[in-house]
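Colleague: Test case, fold it:
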Amino acid sequence: MPQDSTPSPAADSPDLVQVIRHEAGVVELVLNRPEAMNAVSTAMTQALTAAAGAIAADDSARAVVVSSSHPKAFCVGADLKERNTLNDDELRAQRPGNRAAYRSILDLPVPVVAAVSGYAMGGGFEIALSCDLIVASPEATFALPEVSVGVIPGGGGTQLLTRRVGWSRAADLIFTARRVGGEEALSLGIVDRLVDDARAAALEIAGTIARHSPVGVRNAKAAMRQGLDATLAEGLDIEDARWHDTAFSPDRAEGVAAFTEKRTPNWPGLSSR
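Modeller: Residues are numbered from 1 along each chain as shown. The predicted structure is shown next:
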């Protein structure tokens, strides 16, 4: 997919996270700490939070891809070398920033696709789990090894993996800290698509999403997310509220008109609201 601009820095760490804006509202977040295989340092969490926050505030964003500049690693998880230098008080002080980084990806209002090639370990796996879809190459490797080093997954892994694959499969991976390859990850439901080129496929998926109604896509995601922890009756009410918000928007009128006239929609999107 052609790019509209060159990569731009996030926060004060231009080497850690790059934001690439592609055509049609597709935005790519590139994890870019190759010398450490994208190990998540304090500075990297700050860069992720800033980048995701800027995208969340951008009404022109329609879909996001999270990728890596390292050919053999999506992200190997927490920077344990940095962690080893922290005392208990410093570790407690670091925690809110770490949580904010993962939550900033999870809370993006548009669909987010993770493009995983190579290692997605610990916090790297949790970054992928914070996305809506995970596209991976066959050589991808996933693991939540935290119990093997005396901690537990803390970037949402215990909650997001369980919701994605169910209790028993999540328990197997978290309690044993074992690694799974791309094929097994697909069979377990960790991965949604297994492809030769994860980044290219993720960008293609994001481009497809971006061609649809911006209001509709955002409301569909919101209804799905908000309904996760609701009862069925509550979830149906959430869906109904989001349906009304979409059905009486200019996007719906344009979508029906374009279908009738057999042309490509020119979505008014959020700018008309």
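Colleague: can we go C-alpha only for contacts and neighbour counts from here?
Modeller: Will do.
Colleague: And the pLDDT for the most centrally placed residue in the chain?
Modeller: The centroid of the chain falls nearest to Cys131 when counting by C-alpha atoms, centre = their mean (2.5 Å). With respect to pLDDT, Cys131 scores 98.
Colleague: SS state for it?
Modeller: Put simply, Cys131 is coil when judged by DSSP: H, G, I helix; E, B strand; the rest coil.
Colleague: so how far is Glu90 from it?
Modeller: From Cys131 over to Glu90 the distance is 28 Å, taken as C-alpha to C-alpha, to the nearest Å.
Colleague: What of Glu183?
Modeller: Using C-alpha to C-alpha, Glu183 is found at 39 Å from Glu90.
Colleague: Around Arg263, how many other residues sit close by?
Modeller: Other residues near Arg263 number 10, with proximity taken as other C-alpha atoms under 10 Å.
Colleague: After the longest helix belonging to the chain, which helix or strand is next?
Modeller: In the chain, with assignment by DSSP state H, the single longest helix is helix 88-106. Note on helix 88-106: by DSSP states H and E, the next helix or strand toward the C-terminus is strand 112-116.
Colleague: So what's the gap between that following strand and the chain middle?
Modeller: Chain-centre distance of strand 112-116: 6 Å, with C-alpha atoms, centre = their mean, to the nearest Å.
Colleague: State the mean pLDDT of that strand.
Modeller: Averaged over strand 112-116, pLDDT sits at 98.
Colleague: Who does it pair with, and is each partner parallel or antiparallel?
Modeller: Looking at strand 112-116 with DSSP bridges, its partner strands are strand 63-68 (parallel), strand 133-136 (parallel).
Colleague: ok now the first one, how far from the chain's centre?
Modeller: When you say that, I think you mean strand 63-68. Per C-alpha atoms, centre = their mean, the centroid offset for strand 63-68 relative to its chain is 7 Å.
Colleague: about what we covered before: neighbour-wise, which of Glu183 and Glu90 wins?
Modeller: Remark: of Glu183 and Glu90, Glu183 carries more neighbours, 18 against 11, as counted by other C-alpha under 10 Å.
Colleague: Let me know whether my guess that that one is in a helix holds.
Modeller: Yes: according to three-state DSSP, the state of Glu183 is that of a helix.
Colleague: where's the closest residue to the residue nearest to the centre of the chain other than its chain neighbours relative to Trp243, distance?
Modeller: Once flanking residues are discounted, Cys131 sits nearest to Val112: 5.0 Å by C-alpha to C-alpha, 6 or more residues apart in numbering. From Val112 across to Trp243, the span is 21 Å (C-alpha to C-alpha).
Colleague: Same check on Ile55?
Modeller: Counting by C-alpha to C-alpha, the gap from Ile55 to Trp243 is 24 Å.
Colleague: Compare the two and say which is more crowded by neighbours.
Modeller: Using other C-alpha under 10 Å, the more surrounded residue of Ile55 and Trp243 is Ile55, with 23 against 16.
Colleague: Check which helix or strand that one maps to.
Modeller: helix 42-56.
Colleague: how distant is that helix from the center of its chain?
Modeller: On C-alpha atoms, centre = their mean, the centre of helix 42-56 falls 12 Å from the chain's centre.
Colleague: what does stretch 88-105 give?
Modeller: Counting by C-alpha atoms, centre = their mean, stretch 88-105 is centred 18 Å from the centre of its parent chain.
Colleague: cool, and stretch 227-235?
Modeller: On the basis of C-alpha atoms, centre = their mean, stretch 227-235 sits 23 Å off its chain's mean C-alpha point.
Colleague: buried sites along it?
Modeller: Going by neighbour count (16 or more other C-alpha atoms under 10 Å), the buried part of stretch 227-235 is 227, 235.
Colleague: which stretches of the stretch 151-273 of the chain aren't confidently modelled?
Modeller: 271-273 (pLDDT under 70).
Colleague: Sketch out the strands for it, chain order is fine.
Modeller: Residue ranges of the strands in the stretch 151-273 of the chain, as given by DSSP state E, counting those that start in this stretch, are 180-181, 193-194.
Colleague: Let me know the secondary structure of Val19.
Modeller: strand.
Colleague: shouldn't it be in contact with Val30?
Modeller: Yes: contact criterion C-alpha atoms under 8 Å: Val19 and Val30 qualify, at 6.4 Å.
Colleague: With that, I have no additional questions.
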